[in-house]
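Trainee: would you be able to build a 3D model of this:
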Amino acid sequence: MNFRELDTSNGVKAAESSFRTKVVLAREIPWNGFASSNSITSEQYNLISKYDKHTDAEKKEKFIANSASYVNFFVNFINSTSNIEIIQYLLTLINEIIEIDPRAAGAFSKITKEDDKSYPYSVFFRLLNREDAYTNLHASIALAQIMCAGRPTQNDVESFFNWILKLLRKNNSSEVEVGLIALQSLLLKDDFRIFFNNLEGSALLLNILQAQSSSSVNIQLLYETIYAIWLLTYNKDIAAAYSGTGLVANLVQLVKTVAKEKIVRLSLSTLRNLLNNGNSNEEMIDNGFLRMLNILNIKKWGDDDIPADIEVLINGLAKDIDNMSSFNKYKTEIISGELEWTPVHKSERFWKENISKFEENNYQVIKHLHQILKTSQSTPLQLSIACHDLGEFVRHHNRGKAIIDYLQIKPDIMGMMTNPNEEVKKQALFALQKMMLNNWEYLNAK
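Mentor: Prediction:
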């Protein structure tokens with residue numbers, strides 16, 4: 001599938017808008033009629049009439065007192081009826097009681113049927129492919145929560161994951177979002193995280209995230225995707241495996257560019273999970289994340305989790321920077337844009353010992369220095385240091401002048417000669433002299 005063709009015109013929240021929970025629960029189900037026609041027993045009628053249309057507290061009390069009876073009634077009635085409105089209603093009641101009391105999922109997982117080893121999961125499986133978004137969504141949420149509470153067979157787990165993966169590969173965002181919401185409930189359990197990862201689901205989520213990051217953003221779909229990745233990264237092995245995939249860069253970019261606080265919160269929480277796993281710390285530093293965190297740290301946030309995550313990330317990355325080599329510290333300074341006249345800039349030993357490292361990642365540091373010259377917001381201090389360091393690169397690298405010419409940096413250094421700041425003009429002049437002279441040791445002006 002080409003994720004860049006993902007249809008984001010609609011989301012599951014819109015798809016189910018006409019069937020929202022309040023609308024479904026407002027229906028009047030004729031339980032007395034079912035009792036009169038012997039579709040349900042008098043005992044079942046008494047059971048449901050004391051439960052339906054009551055408060056959450058009353059429902060919880062009744063369910064706890066007769067959990068086995070309610071579970072069997074809900075599931076068996078869904079299994080026996082073809083009325084879609086009643087199916088929707090009972091699915092909503094099931095998810096409602098699990099939300100009221102999460103222990104209810106365990107009660108559903110314990111019911112059995114002699115002639116169906118997959119029971120009760122098989123009941124929900126049959127609902128997954130109905131031509132009805134609300135039923136698909138609520139059946140999948142119920143199934144996921146009941147599976148997490150129970151002991152499903154490997155075949156049942158694999159069948160459910162394959163159904164989810166099929167949705168995640170769809171081009172329609174409403175279907176993708178149904179898959180993501182069902183997946184989130186499963187990923188609360190570490191065994192299911194591993195199972196999903198083994199089916200290459202982690203890479204699939206990253207593809208969806210990258211498609212959203214590079215096109216017109218569907219905020220709800222983006223949120224559901226990051227939420228699933230966040231849950232996945234509670235597994236340390238999966239978090240480490242995300243290293244080098246571009247996930248860190250994508251999340252840092254989202255923190256930088258998306259204004260929605262819920263996206264910032266989830267992105268930061270996921271980055272916190274990635275911290276100290278694989279090469280994620282280095283990737284965060286290389287993407288200038290520490291500087292961004294220092295900016296975010298002075299903002300006021302409505303969510304208390306955000307400043308807590310920021311503090312953990314700042315402290316974690318600061319420890320890494322303390323342990324860095326002089327070149328890595330230098331690189332971090334350049335990439336962050338927080339340039340100061342630290343000793344390394346004018347250290348002969350630094351330049352001689354580290355000159356070959358400037359070739360790493362296709363001259364990443366040199367390109368960042370060039371970007372400083374091209375950015376109108378750069379301060380005179382930043383411009384002065386960038387000119388100086390580009391000149392030092394040419395002076396110490398045996399192909400420095402050719403590389404600067406190839407990257408088309410020289411015209412921008414020349415442009416600094418007209419800068420109103422005298423220090424910027426001086427450093428630009430020195431850099432140009434270093435590019436023209438062959439015997440550097442006779443260059444006295446430094």
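
Trainee: does the nearest residue to Glu58 once chain neighbours are set aside lie in a helix or a strand, and which?
Mentor: Once flanking residues are discounted, Glu58 sits nearest to Tyr51: 7.8 Å by C-beta to C-beta, 6 or more residues apart in numbering. All C-beta atoms are positioned from the backbone trio N, CA, C, and that covers glycine. Per DSSP states H and E: Tyr51 is located in neither a helix nor a strand.

Trainee: could you do Glu43 as well?
Mentor: Counting by DSSP H and E, Glu43 is found in helix 42-49.

Trainee: going by neighbour count, list what's buried in the helix or strand just after that helix.
Mentor: Downstream of helix 42-49, the next assigned helix or strand under DSSP H and E is helix 56-65. By neighbour count with 16 or more other C-beta atoms under 10 Å, helix 56-65 contains the buried residues Lys59, Lys60, Lys62, Phe63.

Trainee: name the helices or strands packed onto the helix holding Glu43?
Mentor: helix 31-36, helix 67-80 (3 or more C-beta pairs under 8 Å, 6 or more residues apart in numbering; DSSP states H and E).

Trainee: now it against helix 56-65, angle please.
Mentor: 150 degrees (axes from the mean of the first three to the mean of the last three C-alpha atoms, to 10 degrees).

Trainee: using CSV, list the CA coordinates for helix 42-49.
Mentor: The C-alpha coordinates for helix 42-49 follow below in CSV (Å, rounded to 0.1, in the frame of the first residue of the first chain):
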residue,chain,number,x,y,z
SER,A,42,-38.6,-14.5,33.0
GLU,A,43,-35.3,-14.8,34.9
GLN,A,44,-33.4,-13.1,32.1
TYR,A,45,-36.1,-10.4,31.8
ASN,A,46,-35.8,-9.7,35.6
LEU,A,47,-32.0,-9.6,35.2
ILE,A,48,-31.9,-7.1,32.3
SER,A,49,-34.8,-4.9,33.5
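
Trainee: tell me the buried residues in it?
Mentor: Residues Gln44, Tyr45, Leu47, Ile48 are the ones in helix 42-49 that count as buried (16+ other C-beta under 10 Å).

Trainee: what are the ranges of the helices in the stretch 201-350 of the chain?
Mentor: Counting by DSSP state H, counting those that start in this stretch, one finds helices in the stretch 201-350 of the chain at the ranges 201-214, 219-232, 236-241, 247-257, 261-274, 280-286, 289-296, 305-322, 326-336, 348-354.

Trainee: any chance you could list what contacts the second one?
Mentor: Judged by C-beta atoms under 8 Å, 6 or more residues apart in numbering, the contacts made with helix 219-232 from elsewhere in the structure are 8, 11-13, 173, 176-177, 180-181, 183-184, 187-188, 193, 196-197, 202, 205-206, 208-209, 212-213, 238-239, 247, 251, 254, 258, 260, 262-263, 266-267, 269-270, 273.

Trainee: go on, the first one?
Mentor: Under the criterion C-beta under 8 Å, 6+ apart, residues 3-4, 6, 8, 161, 164-165, 168-169, 176, 183, 196, 218, 221-222, 225-226, 228-229, 232, 238, 241-242, 245-247, 250, 253-254 lie in contact with helix 201-214.

Trainee: buried residues, it. List them.
Mentor: Buried residues in helix 201-214, counted by 16+ other C-beta under 10 Å: Gly201, Ser202, Leu204, Leu205, Leu206, Asn207, Ile208, Leu209, Gln210, Ala211, Gln212, Ser213.

Trainee: pLDDT weak spots in the stretch 201-350 of the chain?
Mentor: Within the stretch 201-350 of the chain, the stretches with pLDDT under 70 are 213-216.

Trainee: mind running it again at 80?
Mentor: Where the stretch 201-350 of the chain drops to pLDDT under 80, the residues are 213-216, 321-325.

Trainee: now do the same for Ala438: its pLDDT.
Mentor: Rather than Ala, residue 438 is Asn. pLDDT, Asn438: 44.

Trainee: could you do Ile355 as well?
Mentor: Ile355 is given a pLDDT of 94.

Trainee: list the contacts of it.
Mentor: Phe393, His396, His397.

Trainee: got a winner among the residues you listed for most neighbours?
Mentor: Phe393 (23 neighbours; other C-beta atoms under 10 Å).

Trainee: wait, what's in contact with that one?
Mentor: Shown in contact with Phe393 (C-beta under 8 Å, 6+ apart): Trp351, Ile355, Phe358, Ile366, Gly400, Ile403, Ile404.

Trainee: host element of it?
Mentor: helix 380-396.

Trainee: show me what the helix or strand following that helix is packed against.
Mentor: Later in the chain than helix 380-396, the nearest helix or strand by DSSP H and E is helix 400-406. The contact analysis (3+ C-beta pairs under 8 Å, 6+ apart) places helix 400-406 against helix 360-374, helix 380-396.
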